[in-house]
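Asker: One predicted model, sequence on top.
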Amino acid sequence: MEPLSLSTTIAKPREEVFEYLADVANHEEFSDHCMVDWHLTREDSYGRGAGARFRVKSRFDRFSYGDITLAEVTPPERILATGRCGRFNRIHTRSTWTLEDDGPGRTTVTFETQSTPVLKSDELMEKFLRVRAATSRCHTRALQRLRSILESGDGRGGHPTVAGGARKPASGFRL
């Protein structure tokens, strides 16, 4: 999929918006309308290396799971997330949030995303499923919800769980 760029202006300081976006656990709140079943890939959900796995709500798509990992976190201006999706996780994805000051207490958030199919069959499936149009709808609404959550606290969703089992050995286990 060719790069897709969307933007919105949020009435909050850039540092506050950055802190919210740098925590992967917050991403479910504003994108749970099109990406569900979120699970963190590690306990620490903030900063470089933090990641999550999710399922994209997509019609006719049997391979709808994807993941993201924050690869670069440059406070307070840029967050780069890389990931994989599709059959056997062979489609590479790259998403970037760029934050710019837009006057006192205002931030312009630009979201860019693209996917790189490895095989011709993956490319044909992207066209058949109209992935670009679906991605545009999903992330346009996600940016609107992000703005609503940060400005007024409306529309808050759930937070993901950590994938895997118990984190402390023998926690809650009695003989």
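Answerer: Great, that's in hand.
Asker: tell me which strands and helices the helix ranked longest in the chain is in contact with?
Answerer: The single longest helix within the chain, with elements called by DSSP state H, is helix 131-152. With contacts taken as 3 or more C-beta pairs under 8 Å, 6 or more residues apart in numbering; DSSP states H and E, helix 131-152 sits against strand 4-10, helix 14-21, helix 27-31, strand 107-116. The C-beta positions use only the backbone N, C-alpha and C, and glycine is treated the same way.
Asker: Any idea which of the ones you listed gets closest to residue 83?
Answerer: strand 107-116 (9.2 Å; C-beta to C-beta).
Asker: buried residues in the closest one?
Answerer: Neighbour counts over strand 107-116 (16 or more other C-beta atoms under 10 Å) mark 107, 108, 109, 111, 112, 113, 114, 115 as buried.
Asker: Now do the same contact list for the second one.
Answerer: Taking C-beta atoms under 8 Å, 6 or more residues apart in numbering as the contact definition, residue 108 lies against 7, 8, 9, 10, 99, 100, 101, 102.
Asker: Could you find the closest non-adjacent residue to the residue most central in space within the chain?
Answerer: Centroid-nearest residue in the chain: residue 27, 5.4 Å away (criterion: C-alpha atoms, centre = their mean). With sequence-adjacent residues excluded and distances taken as C-beta to C-beta, 6 or more residues apart in numbering, residue 27 is closest to residue 52, at 6.7 Å.
Asker: What strand or helix carries that neighbour?
Answerer: strand 51-56 (DSSP states H and E).
Asker: go on, residue 80?
Answerer: Residue 80 belongs to strand 78-85, assigned by DSSP H and E.
Asker: list the helices and strands the very next helix or strand once past that strand packs on?
Answerer: Going down the chain from strand 78-85, the next helix or strand is strand 91-101, by DSSP H and E. Strand 91-101 sits against helix 14-21, strand 65-74, strand 78-85, strand 107-116, with contacts defined as 3+ C-beta pairs under 8 Å, 6+ apart.
Asker: Determine the three-state secondary structure at residue 118.
Answerer: When classified by DSSP: H, G, I helix; E, B strand; the rest coil, residue 118 comes out as coil.
Asker: can you pull the contacts of it?
Answerer: Residues near residue 118 by C-beta under 8 Å, 6+ apart: 90, 91, 92.
Asker: can I get those in a markdown table with distance to residue 39?
Answerer: Listed next are the contacts of residue 118 as a markdown table, based on distance: C-beta to C-beta, whole Å:
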| residue | distance to residue 39 |
| --- | --- |
| 90 | 20 |
| 91 | 19 |
| 92 | 20 |
